[in-house]
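Trainee: predicted model follows, preceded by the sequence.
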Amino acid sequence: MKKLMSEYFTSLDSGKKKIAWCTSVGPAELLRSFGFEVFFPENHGALLGATRTAMDFIPEAIKCGYSGHICSYTTADIGSYLKKQSPLQKHYGMEGVPKPDIIAYNTNQCREVEDWFTFYADEFNCPIVGIQPPRYLNEVTQDEVDLVVKQMKKMIPICEKVSGRKFNLEKFKKTVKLSKEATLLWQKVLKTSTADNAPISFFDGTIHMGPIVVLRGTQRAKDYYTILLAELEENVKNNIGFIPKAKTRIFWEGMPIWGRLRMMSDLFADNESSVVASTYCSSWIFDKFDENDPWNSTARAYTEIFINRSDKAKEKMLAEWFKEYKIDGIVFHDTKTCFNNSNAKFGMPQRLQKITGVPFLTIEGDLCDLRFFSEGQSITKVETFLEQLEDIKV
Ligand code: SF4
C-alpha cells in the first residue's frame, strides 16, 4: 500500500502529465481516458484528518469566510492550501497538492464539492466542469441516466482543449473496463467479511480503499485488489478473522472518524466485536460499469450510489446488507460537518429497527474536526451498546 500510494503521488508530482482534480465519486474514467493524472482533494482531506493536522488548518478557512460547521474536508483542505502546508510534503516529498489543469466534480454526493472546487478554480484560474444529477431518488430511471450522460458529454470539448487530445471512445471503454475489474475485486474483498470469522474490518477497509478511490481505471488498482483478495480468501479458508472470535457483528453507517481510527478499531476489538461492513467502504462498488456501454453504465453507476438516494432506497439497501453480513447492531456516526453522509437525523435508525429488528446506536463525531467528538462519552456508549447486544444474543 505504501509503495503504491507513494508511486501514485510521485506520478502526480512528475510534471510529465496534465492533472485533473476530481471528486471521489466523480467521472475519473472519462478524465483518465484523456490521459490526465487524477488527484482527489477528498483523499487529501482524509489525509489531513488521519494525520490530525486538520485542526491546524480549519481556522484558516474560517477566517476566510467558511463556516466551521460545513464539511471539514473542505475547510481543512482550503486551510491547508492557504497555509501552504500539507502532509504530502513530509510523507511524499511533494511541494504540496499538485496544481490542476482542469477541475471536475459531481454533486451526486453533496453540493459542498461544487463550492469547494470552485474556490480552487478561481485560485488557479482553471477550467471547471460539473455534473449535477438529480438527487434523493427512490429509483434511478433511464431519464436520469440520459440527463447525466448529456452532462458528461458536455465535458468533452473542455477536456479536449485542456489535454490537447481528441476524445477516444476506445480509451474510455478500456478505462471503464479496468475500473469495473478493480471495483468488482473491491466488492469481493469486502464480501469476504460475510464469513463467520470476518478477515477484514471496516477500519482496515478505510485504509485498503485508497486505490479504489484514487487509482480506479488503472491496472495498478486491479493488481492491488487481486493480491489483497487472495490473502483474505486464504484467511477465510483457514478460519482466520481479524480478531480471534467475535461476540457481535456491527455495521458502521457514516464517515470514519479519521483522527480516531485506531482508537475506535481497538475499542470494538477489545470488546470482542467485529465491525464487518459499512456504507462508506461500499460506496466505491460500481458494479454497473460496462465497457460495452460506457456512457450509460458510468452515468447510472455514479447516480445510483447510496449517498445520492432517498431514505427509502437507503433503508432497503441497509436491510439487505444486514442479512448478508449477519449484523447484530448498527452504529450510526452522526457526522457533525457532513449532513450528506449522516443518516441518523431524520428517523432512519428507528424506521430501520422496525423493519429489520436490528438495534442501533448513534455516536456524535466528525470526519476531521475532533472538536465534535467526545472520546470518553463514545467509549461508554459503545461499550454499553455492545453489552446489550451480547445480552440479546444469549
Ligand atoms: S460528502 Fe460530506 S464529507 Fe464528502 S465532500 Fe461532501 S460534505 Fe464533505
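Mentor: Noted; the coordinates are in hand.
Trainee: so which helix or strand takes in residue 213?
Mentor: Element membership for residue 213 (DSSP states H and E) is helix 210-214.
Trainee: which positions in the stretch 251-394 of the chain make contact with the ligand?
Mentor: With C-beta under 6 Å from any ligand atom as the criterion, the stretch 251-394 of the chain meets the ligand at residues 338, 340-341, 367. For glycine as for every other residue, the C-beta is placed from the backbone atoms N, C-alpha and C.
Trainee: most widely separated two among the residues you listed?
Mentor: 340 and 367 (11.2 Å; C-beta to C-beta).
Trainee: so the two - more neighbours on which side?
Mentor: Neighbour count, other C-beta atoms under 10 Å: between residue 340 and residue 367, residue 367 has more, with 31 against 18.
Trainee: need the contact list for the more buried one.
Mentor: When contacts are counted by C-beta atoms under 8 Å, 6 or more residues apart in numbering, residue 367 touches 45-46, 49, 72-73, 255-258, 335, 337-338, 341.
Trainee: circling back to that earlier point, and which of the residues of the stretch 251-394 of the chain next to the ligand is nearest the ligand?
Mentor: residue 338 (3.2 Å; C-beta to the nearest ligand atom).
Trainee: right, and residue 105 touches residue 133 too?
Mentor: No - with contact defined as C-beta atoms under 8 Å, residue 105 and residue 133 do not form a contacting pair (11.5 Å).
Trainee: pick out whichever of those two has more residues nearby.
Mentor: residue 105 (28 against 21).
Trainee: what's near enough to touch that one?
Mentor: 22-23, 26, 113-114, 117, 128-131.
Trainee: looks to me like it is in a strand.
Mentor: Yes - assessed by DSSP: H, G, I helix; E, B strand; the rest coil, residue 105 belongs to a strand.
Trainee: 11 is where my numbering starts, stick with that
Mentor: Okay, using 11 as the starting number, the last item reads as residue 115.
Trainee: distance check, it against residue 288.
Mentor: According to C-beta to C-beta, to the nearest Å, residue 115 and residue 288 sit 24 Å apart.
Trainee: got it, and residue 306?
Mentor: On the measure of C-beta to C-beta, residue 306 and residue 288 end up 28 Å apart.
Trainee: so between the two, which is more surrounded?
Mentor: residue 288 (28 against 16).
Trainee: kindly state the beta-bridge partners for that one.
Mentor: Beta-bridge pairing of residue 288 under DSSP bridges involves residue 262.
Trainee: find the closest residue to the ligand in the stretch 161-310 of the chain.
Mentor: residue 265 (6.1 Å).
Trainee: which residues does the residue of the stretch 111-260 of the chain found nearest the ligand contact?
Mentor: When scored by C-beta to the nearest ligand atom, the stretch 111-260 of the chain has residue 120 as its residue closest to the ligand, at 3.3 Å. Contact analysis of residue 120 by C-beta under 8 Å, 6+ apart lists 81, 317, 348-350.
Trainee: most widely separated two among those residues?
Mentor: 81 and 317, at 12.8 Å, using C-beta to C-beta across these.
Trainee: of those two, who's got more company?
Mentor: Higher neighbour count among residue 81 and residue 317: residue 81, with 27 against 17, using other C-beta under 10 Å.
Trainee: how about the more buried one: what's its closest non-neighbour residue?
Mentor: residue 122 (4.5 Å; C-beta to C-beta, 6 or more residues apart in numbering).
Trainee: which other residues reach stretch 396-404?
Mentor: 257-258, 278, 281, 283, 338-339, 369.
Trainee: which strands and helices sit next to the helix holding residue 223?
Mentor: Applying 3 or more C-beta pairs under 8 Å, 6 or more residues apart in numbering; DSSP states H and E, one finds that helix 220-224 contacts helix 12-23, helix 51-60, helix 179-201, helix 229-247.
Trainee: could I get the longest one in CSV with only the CA atoms?
Mentor: Provided in CSV are the C-alpha atoms of helix 179-201 (Å, rounded to 0.1, in the frame of the first residue of the first chain):
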residue,chain,number,x,y,z
LEU,A,179,-14.1,6.0,-27.3
GLU,A,180,-11.8,3.0,-27.2
LYS,A,181,-9.6,4.6,-24.5
PHE,A,182,-12.8,5.4,-22.5
LYS,A,183,-14.0,1.8,-22.8
LYS,A,184,-10.6,0.5,-21.7
THR,A,185,-10.6,2.7,-18.7
VAL,A,186,-14.1,1.7,-17.7
LYS,A,187,-13.2,-1.9,-18.1
LEU,A,188,-10.2,-1.5,-15.8
SER,A,189,-12.3,0.4,-13.3
LYS,A,190,-15.0,-2.3,-13.4
GLU,A,191,-12.5,-5.1,-12.8
ALA,A,192,-11.0,-3.2,-9.8
THR,A,193,-14.3,-2.3,-8.3
LEU,A,194,-15.6,-5.9,-8.6
LEU,A,195,-12.5,-7.1,-6.9
TRP,A,196,-13.0,-4.5,-4.2
GLN,A,197,-16.6,-5.8,-3.8
LYS,A,198,-15.2,-9.3,-3.3
VAL,A,199,-12.7,-8.0,-0.8
LEU,A,200,-15.5,-6.5,1.3
LYS,A,201,-17.7,-9.6,1.0
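Trainee: related to what we said a few turns ago, between the residues of the stretch 261-404 of the chain next to the ligand, which sits nearest residue 274?
Mentor: residue 377 (12.5 Å).
Trainee: the closest one belongs to a helix?
Mentor: No - applying three-state DSSP, one finds residue 377 to be coil, outside a helix.
Trainee: not counting sequence-adjacent ones, nearest residue to it?
Mentor: Residue 377 sits nearest to residue 265 (C-beta to C-beta, 6+ apart), 4.3 Å away.
Trainee: OK, contacts around residue 27?
Mentor: Residue 27 sits in contact with 21, 45-47, where contact means C-beta under 8 Å, 6+ apart.
Trainee: state the distance from residue 314 to the ligand.
Mentor: According to C-beta to the nearest ligand atom, to the nearest Å, residue 314 and the ligand sit 16 Å apart.
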